[in-house]
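S.K.: Quick one: sequence plus predicted model below, questions after.
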Amino acid sequence: MAFDSALAWRGRVLRGVIILVFAIIVLNLGVLMIVRHDQYKAQALDNRQVSFRMRAPRGRILDRLGATIADNRFYADITISPGSLKEGRPDSTLDRLLTWFSLPRAETLADLTKQKERGRGRLVLVPDASMARIAAVEERRADLPGVQVESRLVRRYLFGQLFAHLVGYVGEVDQDEIDKAPPEMDYKQRDFIGKQGVEAAFEKTLRGKPGLKLEEVNASGRIVGRESVWLQPVVAGEDLRLSVSVPLQMEMSRLLAGRPGCGIAIAIPSGEVLAAASSPTFDPNIMLASLSEKDWRALADDPAKPFFNRILQATYPPGSLYKAITSLAALRAGVIDTSSVLAPCSGGYRFGSRVFRCWNHGGHGSLNLTGALAHSCDVYYYQVGLKLDIDTLHDAAVAFGLGDDCTGVFREESGGNVPTSAWYNERLGKGGWNRSVLLNNAIGQGELLVTPLQMALLAARIASDGRVTGPVFVHGGAPPKELPPLPFSRQDLAWCRHALRRVVDAGTGGAARAAGVPVAGKTGTAQNPHGDDHAWFMCFAPAHNPEVAVAVILENAGHGGSQAAPVAGEWLKFYFEHGPDGQVLPDTTAAPDTTGGVS
Amino acid sequence: MTRLAALLPRGDRRVLVVYALLLLTSLAILWSVTEPLRGPYNLTEADVHKGVFWRQVLWVAIGWCAMAGTARLPLRHLANLAWPGYAVTVLLLLVVLVAAPEVAGARRWIPIGPFRLQPSEFGKLACIVLLASFLSSRANPRSPARTAGTALVLILVPMMLVMREPDLGTSLCYLAIWLGMVFWYGISGLFLLTAGSLVASAVIMFYSESVAAIAWPWGIYLLLLMGVLYLSRLSMLTSVLVLVLNLVSGLGIPLIWDHFESYQQSRILTFFDPSRDATGTGYQAIQSRVAIGSGGLFGTHYLQGTQKGLAFLPERHTDFIFSVVGEELGLVGALLLLAMFLVLILQAVEIALTVRRPFTSLMAVGIASYFAFHIVVNVSITTGLMPVTGLPLPLVSYGGSNILVSSLMVGLLLNISGRQYDA
């Protein structure tokens, strides 16, 4: 048979082919296991080693005595993978969880479907889960594929709405903030970032630095390694001890009584802000909780604007508070002295074809500078303004910190506006304006705009001969932005303090005498084109040896003397009863307000 | 001692020893696969359940009995069973296609109680017996090529049925068995070389151009072909003719291919490689190479392979068990395993050479082809030389059909070798 003849030859060929193929396989194995061994070994290591990013706990925010204003709490969501929503079978993981936690089936499924449509990665089944539920899930890990407990630390504001505007709040970082931040800050999705107030201004101090930890995982991503390696340690955020005092802040907040306005107190000579309350306010804890659309609208659409920061974001015309600046500018320029008596006030002043009215329509008669300031006579200051030029007035205002951000660290801060001749030229054209603007500027109206913080600083700088160089927010700290020494003579400043005391003792600011110590201050009634006048008051006390300066504004409240001055007076009374740290807490305000917090 | 030896089946001792060693290797590797990873890990159990190991112990015991039984069967009547066996195979394959439940997109198994029968595995044995019977009955033919063609038709029937399951790897095994046996039967070497090289040229060009988008494997193939032609001591004219035909078939493929619309191309590619669309086949191939490559010379040591133990390596107890050997036992372990397989295959060829009856000789070559195809393709898949398609490593991978059919083959081989001086 054909079978026998060439069998030996075929045997050789068959063996040859088999050995050749095996040789190719062995050669390939050699390449994989010897030549490229290092590469594959590294790849195997890379497979199982995963670096985990650990967020740093955010530093606490404390008051000047160490009371906690903001800290962090443990927060955990029980999440499921989006895929587990598909399997609605009774024995599915999702179904078992629904039964265990006795969650309303239809509503929960509808909520999960909504989350899925919004395209979030993992679906939150139980937000802010209790420890019992977390433990229940962790115990049965193996039987619950796709279920995770995602925990993190979340900000908690212990005093609720008391410090809403000063301290601000944090929120999850958005893409814009990630792009704008310097790379060393290393923000990632779902990190928290200070959005407003101190939280934003002192972000670098408070945030700390996220760490990187190398863990060994299995193919499904579960950590199985017994040891982990820190590539980069977690640096906890530093605690920030603010200069504000909880009791002093509470008193200020109580006196504002929810009326739109603001009250600020600055210690002399440190410049430390002891209280800064903006009213009405809101609970910053809601920024971290799921607020219903309706509740959110109610806050956002409130005409009293609770989110508006009236401490350093809102700007108002300074009104008669500005007369202190006008006086000092005129004295420095030498156009008048303190005893100069100008044309008597009969309730109005004619400039060109227009009559500029004094607030006192009956007229003040003849006054010297001290009297004019004490009684806030507009007609007197119209005449002083005309003796000056707009840039001289501007320079005096800027020396007190007006016309620009006075801290430079707050995201929401406004600089206000102090016009110069160049500013008018630009706005109205050269020759498009005349000296009548001086009349408005001299009494703090016209295009002038200031923040309440700037007015508190004005009072503090007058009181301290300029030793207060800027507002300080951190206990024992320095002003973030320091103003140069005041360009006014000591005599002029001493005269100013004397005249301001006259305002309280014998002038428009009598209501501030409630303080129980001698107070020097200035009332203001800022004309407001959009509605009723704003009531201003700035002051410092004790008048002879000032410890503290206060500025109060109440929007659309009318006269500063009758509306704003009593708030400042009552607050000063509290201050001098309890001292700068406000150690003695009245019973009514002893319990921290956490009712609005996330429970 | 002699009494104990008497309990062992007669036949080639080397085949028996290698068979026993391979089964022990299988148990050792499956023990590792089902043990938690050793090292600094908080693991109490492996993702592949221990039950897999114990079931394999059962299959090894059953396989050994099947092997011993087959080795003692009288071979006289086996040829009479060739056609009935073939008919049953085709019937079962039809049943699979029509009635079997779909598992992971394929119909391959008939559930019988707690077990699953894979007719395509047993079909290989039936086809070996049938081809041996058919070809040996036509010893001394007038036209060997025609006999080979008829044999191809016989093998194509079950092969196409298996391809429809779909199971490309197993169906190609039928072709490998046919090729080996027809070569042994006496088809002209030149005919085989020409036909085989034309198919190889087209396949290599198709694979490298349209699947891997590279051209050099075809160039290497041509160089190899030239070497084979030179060694074959063929005339210059014949050699050049074969080479030209190879050029035509290789270069023709891209021309034809480009005439297809892209959706047609996609359909063809998916037909040849059903797993092409499934996500994760690339992942399997990569993780297998990483496992083997990270093993190095001596491996990560037994029970300590992280690719295996942390479940990065897929199908580590079945189709990718060779990667576990590579990772944990290194090049040394892999070479030892390959050496055992090589001994098994070469011994089968040796037996085919020594037995005098064409029927048994052809069966031995069929068995050699079966083992060679499975081992070469499986190892090539795990090392990235071939695209991923499901194919177990004989006698080592977990699975009843695999152990049982391979044991029957070994038993048959021992049976044949034990009667080598029979008429």
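M.R.: Arrived safely.

S.K.: And residue B:61, how far from chain A?
M.R.: 30 Å (Cβ to the nearest Cβ, to the nearest Å). To be clear about C-beta, it is placed using only N, CA and C from the backbone, and glycine gets the same treatment.

S.K.: List of residues touching the helix or strand hosting that residue?
M.R.: Take DSSP states H and E as the rule and residue B:61 turns out to sit in helix B:50-72. Helix B:50-72 is contacted from outside by B:8-11, B:19, B:23, B:26-27, B:30-31, B:33-34, B:317, B:398-400, B:403-404, B:406-408, B:410-412, B:414-415, B:418, using Cβ atoms under 8 Å, 6 or more residues apart in numbering or on different chains.

S.K.: Burial check on the residue in chain B that chain A sits nearest to, number of neighbours?
M.R.: For chain B, the residue closest to chain A is residue B:293, as judged by Cβ to the nearest Cβ, at 2.6 Å. Residues lying near residue B:293 (other Cβ atoms under 10 Å in any protein chain shown) number 29.

S.K.: Now for it: which residues touch it?
M.R.: With Cβ under 8 Å, 6+ apart, residue B:293 has these contacts: A:32, A:33, A:36, A:37, A:39, A:40, A:41, A:43, B:326.

S.K.: likewise residue B:407?
M.R.: So residue B:407 contacts B:19, B:63, B:64, B:66, B:67, B:70, B:395 (Cβ under 8 Å, 6+ apart).

S.K.: where's it relative to residue B:59, distance?
M.R.: With the distance defined as Cβ to Cβ, to the nearest Å, residue B:407 ends up 9 Å from residue B:59.

S.K.: Of the contacts of helix B:50-72, keep whichever come out buried.
M.R.: B:9, B:11, B:19, B:23, B:26, B:30-31, B:33-34, B:317, B:398-400, B:403-404, B:406-408, B:410-412, B:414-415, B:418 (16 or more other Cβ atoms under 10 Å in any protein chain shown).

S.K.: Please name the nearest non-neighbouring residue to the residue of chain B closest to chain A.
M.R.: residue A:40 (2.6 Å; Cβ to Cβ, 6 or more residues apart in numbering or on different chains).

S.K.: Over to residue A:234?
M.R.: Residue A:234 sits nearest to residue A:211 (Cβ to Cβ, 6+ apart), 3.3 Å away.

S.K.: I'd assumed residue A:56 was in contact with that neighbour.
M.R.: Yes: counting by Cβ atoms under 8 Å, residue A:56 is a contact partner of residue A:211 at 7.0 Å.

S.K.: where do the contact lists of those two overlap?
M.R.: Contacts common to residue A:211 and residue A:56, judged by Cβ under 8 Å, 6+ apart, are A:234, A:235.

S.K.: Low-confidence regions, the stretch 251-400 of chain B specifically.
M.R.: The stretch 251-400 of chain B contains residues with pLDDT under 70 at B:263-264, B:266-282.

S.K.: What residues does it have near chain A?
M.R.: Residues of the stretch 251-400 of chain B found near chain A (Cβ under 8 Å from any Cβ of the partner chain) are B:287, B:289-297, B:306-307, B:310-312, B:326, B:330-331, B:334-335, B:338, B:342, B:345-346, B:349, B:352-353, B:358, B:361, B:365, B:368, B:372, B:376, B:379-380, B:383-385.

S.K.: Output stretch A:73-87 as PDB, restricted to C-alpha atoms.
M.R.: The C-alpha trace of stretch A:73-87 is given here as PDB (Å, rounded to 0.1, in the frame of the first residue of the first chain):
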ATOM      1  CA  ARG A  73     -18.800  65.900  60.500                       C
ATOM      2  CA  PHE A  74     -18.700  62.400  59.100                       C
ATOM      3  CA  TYR A  75     -21.100  62.000  56.200                       C
ATOM      4  CA  ALA A  76     -21.800  58.800  54.300                       C
ATOM      5  CA  ASP A  77     -23.900  58.000  51.300                       C
ATOM      6  CA  ILE A  78     -24.900  54.400  50.500                       C
ATOM      7  CA  THR A  79     -24.500  54.300  46.700                       C
ATOM      8  CA  ILE A  80     -25.200  51.700  44.100                       C
ATOM      9  CA  SER A  81     -23.800  51.300  40.600                       C
ATOM     10  CA  PRO A  82     -26.100  52.600  37.800                       C
ATOM     11  CA  GLY A  83     -26.300  49.100  36.400                       C
ATOM     12  CA  SER A  84     -28.000  47.700  39.400                       C
ATOM     13  CA  LEU A  85     -31.100  49.800  38.600                       C
ATOM     14  CA  LYS A  86     -31.800  47.700  35.600                       C
ATOM     15  CA  GLU A  87     -32.300  44.400  37.500                       C
END
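
S.K.: Quick one: distance of stretch A:387-399 to the chain centre.
M.R.: A distance of 32 Å separates the centroid of the chain from that of stretch A:387-399, by Cα atoms, centre = their mean, to the nearest Å.

S.K.: hang on, the earlier thing: check which helix or strand the residue of chain B closest to chain A maps to.
M.R.: Here residue B:293 is assigned to helix B:281-295, by DSSP H and E.

S.K.: about what we covered before: give the contact list for the residue nearest to residue A:234.
M.R.: A:53, A:54, A:56, A:230, A:231, A:232, A:233, A:234, A:235.

S.K.: Please spell out the PyMOL selection for the buried subset of those residues.
M.R.: In PyMOL, a selection of the buried entries from these looks like this (16+ other Cβ under 10 Å):
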select buried, chain A and resi 56+234
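
S.K.: Switch the contacts of residue A:211 over to a markdown table; also include secondary structure and distance to residue A:525.
M.R.: Listed next are the contacts of residue A:211 as a markdown table, based on DSSP: H, G, I helix; E, B strand; the rest coil; distance: Cβ to Cβ, whole Å:
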| residue | secondary structure | distance to residue A:525 |
| --- | --- | --- |
| A:53 | strand | 56 |
| A:54 | strand | 56 |
| A:56 | coil | 49 |
| A:230 | strand | 62 |
| A:231 | strand | 62 |
| A:232 | strand | 58 |
| A:233 | coil | 58 |
| A:234 | coil | 54 |
| A:235 | strand | 51 |
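
S.K.: wait, doesn't residue A:565 sit right on residue A:537?
M.R.: Yes: using Cβ under 8 Å, residue A:565 is in contact with residue A:537, at 4.4 Å.

S.K.: Need the overlap of contacts for the two.
M.R.: By Cβ under 8 Å, 6+ apart, the residues touching both residue A:565 and residue A:537 are A:509, A:512, A:521, A:523, A:552.

S.K.: Which of those sits closest to residue A:376?
M.R.: Distance to residue A:376 across the shared contacts of residue A:565 and residue A:537 (Cβ to Cβ) is lowest for residue A:523, with 6.5 Å.

S.K.: Three-state assignment for that closest one, please.
M.R.: strand (DSSP: H, G, I helix; E, B strand; the rest coil).

S.K.: tell me which residues form a beta bridge with it?
M.R.: residue A:537 (DSSP bridges).

S.K.: which ones are touching it?
M.R.: Residue A:523 neighbours (Cβ under 8 Å, 6+ apart): A:320-321, A:376, A:503, A:507-509, A:536-537, A:559-561, A:564-565.
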